[in-house]
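# Okay, here's the prediction I keep looking at, along with the sequence it came from:
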Amino acid sequence: MKIVVIGTNHAGIAAANTLLDHYPGHEIVMIDRNSNMSYLGCGTAIWVGRQIEKPDELFYAKPEDFEAKGAKILTETEVTEIDFKQKVIHAKTKSGETFVETYDKLILATGSRPIIPKLPGHDLEGIHFLKLFQEGQAVDAEFAKPEVQRIAVIGAGYIGTEIAEAAKRRGKEVLLFDAESTSLASYYDETFAKEMDQNLAHHGIELHFGELATEFKGSDGRVTQIVTNKGAYDVDLVINCIGFTANSALAKDNLATFKNGAIKVDKHQQTSNPDVYAVGDVATIYSNALQDFTYIALASNAVRSGIVAGHNIGGTPLEAPGVQGSNGISIFGFHMTSTGFSVKAAQKAGLEVAYSDFEDKQKAWFLHEDNDTVKIRIVYEKESRRVVGAQLASYSEIIAGNINMFSLAIQDQKTIDELALLDLFFLPHFNSPYNYMTVAALNAK
Ligand SMILES: Cc1cc2nc3c(=O)[nH]c(=O)nc-3n(C[C@H](O)[C@H](O)[C@H](O)COP(=O)(O)OP(=O)(O)OC[C@H]3O[C@@H](n4cnc5c(N)ncnc54)[C@H](O)[C@@H]3O)c2cc1C
Ligand SMILES: NC(=O)c1ccc[n+]([C@@H]2O[C@H](COP(=O)([O-])OP(=O)(O)OC[C@H]3O[C@@H](n4cnc5c(N)ncnc54)[C@H](O)[C@@H]3O)[C@@H](O)[C@H]2O)c1
């Protein structure tokens, strides 16, 4: 069987590796328009903020790895069109040569691009987006310019908050804008998000929430000012981070798509065309909190969905268990993790939910050194009492592991009452006999 994979970043790599490692004998062709593969965008802010010196280790795979396993891999080659009836893809190399490849099964792993707000002045120089390695390099080069001092970051979601920290670490003045009233508003309820806001403000980041950019002004072709519904601010650089949109143009009019344009898939990653699979940021994903398909762009989901597609195409039927959109962020040493829905997000999705909050020290109370406060919220459905979300915030790194338990609870449709008497280990170095997770669950009304 000939299998063509379009897009060789996290999702495409996972699908190709699954096929190459577990199902030998197939002809695998991998195509990507970029010159690199496997770039971990999650490391961009760490590198650009100089928490690591070089970006080299942010890549975990290279074309030779796949050639060694017998795949044909074409980089700097763009797929321009797909004839889904004839099962032929049309592609163009960097030098302009066009060619076609036939397929038996096709994997679309074309990912996402940042949303580009088409505001007046959007094409001025000095306005950036962050997705590709090359875009990280461009921002890094801007940060190195002494004349670039005042930076506007638009969107205080994950990318915006992380790059705001990076810019501050490089000694810049940073103005962080978001349409919502806090940072991280899509992931955390206000009481949690405000903790991150305080952390950002404490480190000198100027917060402009509830503010919408309306125009960019410039001089000599370069941006010099950002105008919002509330004011005008002189800046030397703008970084836009207002979310992703699925790269699904190749599927247009041929495959069923979601309301945001992502390609609809089932739990086997199969699209509305049985010979075509879609994985990663270009596709929808099943949310166990919502109990329906939705769109959640994460590298973790990309990898899992690629593995699922690989096994299904290879001949082992495998149903994805769904995801919770589990995520985390760490800014100036302050950590937040969440999974499933916040109260606000649950209500927006039409769920009737209640929540239980608790706050305690991470380690046993008699340990006075490095014993940070942890704040927890568990969100559950009022009627069924099934857990649909959790949020944790602390300077303690242990919360990074704890959130995964809630992820499994949501996946397995556990109730808050089942969590209340769950066997959690106790060791003073790590926690208390009345574990804050247990207490939060026990306190649930
Ligand atoms: C700054 C930043 C930080 C992030 N941090 C995290 C994090 O901490 N945790 C997390 O889980 N996620 C994080 N993400 C999100 C994560 O990077 C994405 O969810 C992930 O990249 C999706 O992988 P993908 O393979 O589906 O798509 P993509 O990474 O978008 O890759 C798609 C590939 O398809 C190729 N392609 C597209 N169209 C064509 C075409 N027509 N022809 C040929 N090739 C094509 C592209 O060149 C690209 O290589 C972050 C993203 C960014 C930008
Ligand atoms: N740590 C992580 O897990 C991590 C890190 C980076 C990125 N990612 C993922 O990558 C994807 C893209 O990240 P992102 O930060 O671009 O998106 P995001 O959805 O996290 O945040 C976008 C932010 O932009 C704001 N916004 C939207 N339109 C606006 C406008 N016109 N003006 C001002 N603010 C506006 C939103 O309110 C939101 O807070 C997300 O799926 C994210 O989860 C994850």
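That came through fine. Ligands and ions are numbered 1, 2, ... in the order given.

# quick one: is the top helix by length along the chain near ligand 2?
Secondary structure of the chain per DSSP state H: the longest helix is helix 299-314. No - Helix 299-314 lies out of reach of ligand 2 by Cβ under 6 Å from any ligand atom, never closer than 7.6 Å. For glycine as for every other residue, the C-beta is placed from the backbone atoms N, C-alpha and C.

# mean confidence for that helix?
In this model, helix 299-314 has a mean pLDDT of 98.

# Following element in sequence after that helix, please.
Downstream of helix 299-314, the first helix or strand assigned by DSSP states H and E is strand 327-331.

# Is that next one in proximity to ligand 1?
No - judged by Cβ under 6 Å from any ligand atom, strand 327-331 and ligand 1 are separated, with a smallest distance of 6.7 Å.

# Would you give the sheet partners of that strand, along with the direction of each?
Sheet partners assigned to strand 327-331 using DSSP bridges are listed as strand 334-340 (antiparallel).

# before we move on, back to that, show me which residues of the longest helix of the chain are buried.
Judged by neighbour count (16 or more other Cβ atoms under 10 Å), helix 299-314 contains these buried residues: 299, 301-314.

# name the helices or strands packed onto that helix?
On a contact count with 3 or more Cβ pairs under 8 Å, 6 or more residues apart in numbering; DSSP states H and E, helix 299-314 meets helix 10-22, strand 105-108, strand 276-278.

# just the CA coordinates of that helix, formatted as PDB?
Output in PDB follows, covering the C-alpha atoms of helix 299-314 (Å, rounded to 0.1, in the frame of the first residue of the first chain):
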ATOM      1  CA  ALA A 299       1.500  19.200  20.300                       C
ATOM      2  CA  SER A 300       0.500  16.500  22.800                       C
ATOM      3  CA  ASN A 301      -2.800  15.900  20.900                       C
ATOM      4  CA  ALA A 302      -0.900  16.000  17.500                       C
ATOM      5  CA  VAL A 303       1.400  13.200  18.600                       C
ATOM      6  CA  ARG A 304      -1.400  11.000  20.000                       C
ATOM      7  CA  SER A 305      -3.600  11.500  16.900                       C
ATOM      8  CA  GLY A 306      -0.700  10.600  14.600                       C
ATOM      9  CA  ILE A 307      -0.200   7.300  16.500                       C
ATOM     10  CA  VAL A 308      -3.900   6.500  16.300                       C
ATOM     11  CA  ALA A 309      -4.000   7.100  12.500                       C
ATOM     12  CA  GLY A 310      -0.800   5.100  11.900                       C
ATOM     13  CA  HIS A 311      -2.200   2.000  13.700                       C
ATOM     14  CA  ASN A 312      -5.600   2.200  11.900                       C
ATOM     15  CA  ILE A 313      -4.000   2.500   8.500                       C
ATOM     16  CA  GLY A 314      -1.500  -0.200   9.400                       C
END
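
# and the angle for that helix with helix 10-22?
Here helix 299-314 runs at an angle of 40 degrees relative to helix 10-22 (axes from the mean of the first three to the mean of the last three Cα atoms, to 10 degrees).

# Could you give the separation of helix 299-314 from the chain centroid?
Helix 299-314 sits 16 Å away from the centroid of its parent chain (Cα atoms, centre = their mean, to the nearest Å).

# Please apply the same query to stretch 209-221.
In terms of Cα atoms, centre = their mean, the centre of stretch 209-221 is set 26 Å apart from its chain centre.

# List the buried residues of stretch 231-246.
Burial within stretch 231-246, assessed by neighbour count using 16+ other Cβ under 10 Å, is assigned to 233, 235-246.

# Can you give me the end-to-end span of that stretch?
32 Å (Cα to Cα, to the nearest Å).

# what mean pLDDT would you report for it?
Here the average pLDDT along stretch 231-246 is 97.

# Model confidence at Ile399, what's the number?
The score at Ile399 is 89. That number is its pLDDT.

# I'd guessed Pro55 sits against Leu132; true?
No - here Pro55 lies out of contact with Leu132, judged by Cβ atoms under 8 Å, at a distance of 11.9 Å.

# If I look at the residue in the stretch 151-300 of the chain that ligand 1 sits nearest to, what pLDDT would I see?
Using Cβ to the nearest ligand atom, the closest approach of the stretch 151-300 of the chain to ligand 1 is made by Gly280 at 2.1 Å. Looking at Gly280, its pLDDT reads 98.

# Okay then, goodbye and thanks.
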